[in-house]
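Student: Got a sequence here, can you build the structure:
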Amino acid sequence: MSTVQQANSSTGTQFDLIVVGGGPAGTTAALYAARAGIRTLVVDKGAESSALGLARRIANYPGTGGELSGEELLGKMRQQASAQGAAFVQDRAIASLLGQGEQEIVGAEGSYRGRALVVATGALGREASVPGEQRLLGKGVGYCATCDAAFFRDKTVAVVGGSEEAAEEGLLVAKFAQTVHLVVPAGALKARGELANEVQAHPGVEVHVGTSLREILGADRVEGLRLKPKGGEEYTLAVDGVFIYLQGARPVVDFLGGQLELTPKGYVLVDEWFAASVPGVFAAGDVVGPRLRQVVVAAAQGAQAAMAAERYVSGRAKVRPDWS
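Tutor: Model (predicted):
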């Protein structure tokens, strides 16, 4: 049993705030909360479970002065939060008991209790189901074109999925890549109207309708895809990267057991201060919605959620500093 678990077992509520998820939203929340003087614990599966931790290169995070890996950036964030007094424990949240006064997170290794909770578990809920997907994750396989499209300048890239999001991301990638292959498993794009017309008319986008992804090929990086059109023969398509927008890429909320109100698409419903439907529970980052999946956005939301949590723990009427 870890020191954190022993403390919880012997003294009851050991922490003021539990943060579930150690990506940019959760780690920034921990930094701000700890610096505000509230005892903070981050429960996290590890850097490899974060979209940021899997990113090979980050070039647009303010203040970094150049490119660095997502793992490096996340490491710097964690070091800063730890230096302010935040504690980290590696564990997987599997259940929770939420209520006004105390929040409990049940992990595979133990239970963690705090007066407030920040849910920052992201939206990498997809279980890698295509051969080669897990092995090449972060090596050309990605789930966020907004994050990584610029790294594929003048390359050949595939976007797999038929949703409006996939179509929009395909157009974004086309601003950088030489060619974008939009692989649509269904018989037609779900995107309609102007968006569908723009995709079909774009000279740099080739649409493969009714085509399923069978395998992602490559040794140390993505080199191609094995595709199967409906009613046709399998073929190999050479690509330098692939962004996957198949059903299953969803917010990680299974451990909440239906205790929080969700949006129709399964994201945690929050107010302007990222407070969820249970008093004392807050959420930030990709788990609250996919409007702009960027590290800086997740970090900003984590900071706001932490300050709202500090207000809740302190019993004050306003967030510090006391803005009107």
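Student: Closest to the mean position in the protein, which residue would that be?
Tutor: Centroid-nearest residue in the chain, with C-alpha atoms, centre = their mean: G122, separated by 3.3 Å.
Student: Helix, strand, or coil at the residue lying closest to that residue once chain neighbours are set aside?
Tutor: What sits nearest to G122 in space, not counting adjacent residues and going by C-beta to C-beta, 6 or more residues apart in numbering, is D286, at 4.6 Å. Quick note: C-beta positions are derived from backbone N, CA and C, even for glycine. Secondary structure state of D286, per DSSP: H, G, I helix; E, B strand; the rest coil, is helix.
Student: in what helix or strand does E71 lie?
Tutor: E71 belongs to helix 70-83 when assigned by DSSP states H and E.
Student: Could you look up the SS state of the residue nearest to the centre of the chain?
Tutor: G122 falls in the coil class when you classify it by three-state DSSP.
Student: Next: A33.
Tutor: Relying on three-state DSSP, one would call A33 helix.
Student: so where's the protein shaky on pLDDT?
Tutor: Scanning the chain for pLDDT under 70 picks out the ranges 1-13, 47-51, 53-56, 124-128, 147, 247-249, 290-291, 317, 320-324.
Student: isn't the residue nearest to the centre of the chain right next to V20, touching?
Tutor: No - assessed by C-beta atoms under 8 Å, G122 is found out of contact with V20, at 10.2 Å.
Student: in a helix, that's where G170 is, yeah?
Tutor: Yes - applying three-state DSSP, one finds G170 inside a helix.
Student: From G224, how far out is T236?
Tutor: Remark: distance between T236 and G224 (C-beta to C-beta, to the nearest Å) = 5 Å.
Student: Settle it for me: which of those two has more neighbours?
Tutor: Neighbour comparison, T236 and G224: the larger count goes to G224, with 18 against 13 (by other C-beta atoms under 10 Å).
Student: which non-adjacent residue is nearest the more buried one?
Tutor: Per C-beta to C-beta, 6+ apart, closest to G224 is L217, 4.2 Å.
Student: tell me the contacts of that neighbour?
Tutor: L217 sits next to 132, 223-226, 236 when contact means C-beta atoms under 8 Å, 6 or more residues apart in numbering.
Student: Export those as TSV, with columns for secondary structure and distance to W273.
Tutor: Shown next, in TSV, are the contacts of L217 (DSSP: H, G, I helix; E, B strand; the rest coil; distance: C-beta to C-beta, whole Å):
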residue	secondary structure	distance to W273
G132	coil	42
E223	coil	46
G224	strand	47
L225	strand	43
R226	strand	47
T236	strand	50
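Student: coming back round to it: may I have the helix holding E71 exported as PDB, CA atoms only?
Tutor: Extracted in PDB, the C-alpha atoms of helix 70-83 (Å, rounded to 0.1, in the frame of the first residue of the first chain):
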ATOM      1  CA  GLY A  70       4.400  16.000 -25.600                       C
ATOM      2  CA  GLU A  71       6.000  13.800 -22.900                       C
ATOM      3  CA  GLU A  72       8.600  16.500 -22.300                       C
ATOM      4  CA  LEU A  73       6.000  19.300 -22.000                       C
ATOM      5  CA  LEU A  74       3.900  17.100 -19.700                       C
ATOM      6  CA  GLY A  75       6.900  16.300 -17.600                       C
ATOM      7  CA  LYS A  76       7.600  20.000 -17.100                       C
ATOM      8  CA  MET A  77       4.000  20.600 -16.100                       C
ATOM      9  CA  ARG A  78       4.100  17.800 -13.500                       C
ATOM     10  CA  GLN A  79       7.400  19.000 -12.100                       C
ATOM     11  CA  GLN A  80       6.000  22.400 -11.600                       C
ATOM     12  CA  ALA A  81       2.800  21.100  -9.900                       C
ATOM     13  CA  SER A  82       4.900  18.800  -7.600                       C
ATOM     14  CA  ALA A  83       7.100  21.800  -6.700                       C
END
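Student: and that helix, what does it pack onto?
Tutor: With contacts taken as 3 or more C-beta pairs under 8 Å, 6 or more residues apart in numbering; DSSP states H and E, helix 70-83 sits against helix 24-35, helix 51-54, strand 87-90, helix 295-314.
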